[in-house]
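Structure of the sequence below:
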Amino acid sequence: MISFMFLLFVAPEALFSSTDVAVISPQDPALHIGSSLTATCEVSPDLGLHASGIYWTLNGVRVSSSNYSIVSSNVLSVTLHALSGSKQKSGDNLVCHGEDGRILAGSCLYVGLPPEKPVNLKCWSHNAKDLRCKWRLGGRGETHITTKYTLKYKLRWHERENECENYSTVKKDYSCYIAGNIALFTPYQIWVEATNQLGSAASDITYLDILDIVTTDPPANVHVSRVGDLEDQLTVQWASSLQLKDILFQAKYQIRYRLEDATDWKVVDDVGNLTSCRLAGLKPGTVYFVQVRCNPVGIFGSRKPGIWSDWSHPTAASTPASGQLQRPSCDPKPAEQNTLRRELKQFFGWLRKHAYGCTGMSIKLYDQWRVWLQKSHRTRIQVGKQNRTFLFTHFIVTHKKRKDSP
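Numbers count the residues shown, from 1 in each chain. As a prediction, this is how the structure comes out:
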């Protein structure tokens, strides 16, 4: 017991003579928060110590003598009112001392709450080869005394119960890890039991099939690159998961990206099972951070989607600087070029729509038009109304010829 270890370090001689010197009653009680306790310290008559020469301490702090009562010449009691939760999981130290400060006897007080029903039990399997479950404490959570949480599981139509052994705690989340020996085609029953000296509670039973809760590692080798000189686009490429290569499944992916100095992410949901994606509508000359994650779908014919993996490590890339930013400030008629750009963008707006997301369609024509448009803005040619009309008409004719050609 911790209390006896305490006595050993403070007064080794007291440990060996405590049973002969004094006895505290009750010994190591468990009490609910708010309870009151009356304890007695009975000193051996052979010690020749009167009860009036005894005092009490709780966690090293002397208890006021107004709480004492002399029961007999060698018995002194103390009453503690409205006890608060134990300050340490191993219990609070209640000790009686001789008038010279010597420790006569000690007891541990376990003051707390019975556990409440654990909640939010969730489980997932990494690559269908293991099982990890996490849960949160029910009610107020804190019990102030040592509480044991046990994750139990069994195959649904079997009687034998198993207990998880590898536990960990991060903040308010409790988890346990089961490595190996996972059954893939038989449902599991999983629950958590919580016990301490004041009571016990159990979570609801969770029924699950391993094939429905599979997750995988984040996509590897995420690479982000420019699309030639296109100032508003980036290409994202990644490698599919290798861990699930031996399992029949389909993967779907999701991308998110943000500006270097921003905190909000924009998510691209319609990636499907592609391993590359074109991001469009970006700001020129800007650094972007990009992440990808994977969801294994339909493993061995399961009808439920898997669980999203963690996001990959952020990969950074920058879009090319805008030609407008590079144009000398003395350009006499930038409004003419802006008008042309606006008219062309309105006419070919449907191409830009297809460039968003990751539909997989060819956008070669769009790329050619965007490159041509950017180059036109980097020139310092004065574009008048007649020239603008000519360029606009020329581009339409060229586009029509390409469309009609085999």
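
Every contact and neighbour count from this point should use C-alpha atoms.
OK.

For residue 322, see how far away residue 259 is.
Note on residue 259: its distance to residue 322, by Cα to Cα, to the nearest Å, is 16 Å.

Let me see the contact set for residue 146.
89-90, 196 (Cα atoms under 8 Å, 6 or more residues apart in numbering).

For ChimeraX, write a command that selects the buried ones of these.
Restricted to buried positions by 16 or more other Cα atoms under 10 Å, the ChimeraX selection for these reads:
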select :90,196
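
Adding secondary structure, write the contacts of residue 146 out as a markdown table.
A markdown table is the format used below for those (DSSP: H, G, I helix; E, B strand; the rest coil):
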| residue | secondary structure |
| --- | --- |
| 89 | coil |
| 90 | coil |
| 196 | strand |
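
Closest to residue 171 out of the contacts of residue 146?
residue 89 (16.6 Å; Cα to Cα).

For that closest one, which non-adjacent residue is spatially closest?
Nearest residue to residue 89, sequence neighbours excluded (Cα to Cα, 6 or more residues apart in numbering): residue 145, at 4.6 Å.

tally of neighbours for the one you found?
Residues within reach of residue 145, counting by other Cα atoms under 10 Å, total 25.

these two touch, right, it and residue 86?
Yes: counting by Cα atoms under 8 Å, residue 86 is a contact partner of residue 145 at 6.6 Å.

Show me whatever sits in contact with both of the two.
In contact with both residue 145 and residue 86: 110-112, using Cα under 8 Å, 6+ apart.

Among those residues, which one lies nearest to residue 186?
Using Cα to Cα, these come closest to residue 186 at residue 112, 40.3 Å.

ok, that closest one touching residue 35?
No: contact criterion Cα under 8 Å: residue 112 and residue 35 do not qualify, at 9.7 Å.

The two - which one has more neighbours?
Higher neighbour count among residue 112 and residue 35: residue 112, with 27 against 14, using other Cα under 10 Å.

Which residues does the more buried one form beta bridges with?
Beta-bridge partners recorded for residue 112 (DSSP bridges): residue 32.

what residues are up against it?
So residue 112 contacts 30-33, 84-86, 143-145, 198 (Cα under 8 Å, 6+ apart).

Could I get the full set of helices for this protein?
Here the chain has its helices, by DSSP state H, at 2-10, 12-21, 323-326, 334-347, 349-355, 364-378, 385-404.

weakest of those in terms of mean pLDDT?
Ranked by mean pLDDT, the helices of the chain bottom out at helix 2-10, with a mean of 37.

Give the full set of residues in contact with residue 125.
Residue 125 neighbours (Cα under 8 Å, 6+ apart): 131-132, 210, 213-215.

Which one of those residues sits in the busiest neighbourhood?
residue 214 leads the contacts of residue 125 on contacts (other Cα under 10 Å) with 27 neighbours.

Tell me the spatial nearest neighbour of that residue, not counting adjacent residues.
Per Cα to Cα, 6+ apart, closest to residue 214 is residue 125, 4.7 Å.

what separates that neighbour from residue 157, distance-wise?
21 Å.

Would you confirm that residue 105 contacts residue 95?
Yes: at 5.9 Å, residue 105 and residue 95 qualify as touching, with contact defined as Cα under 8 Å.
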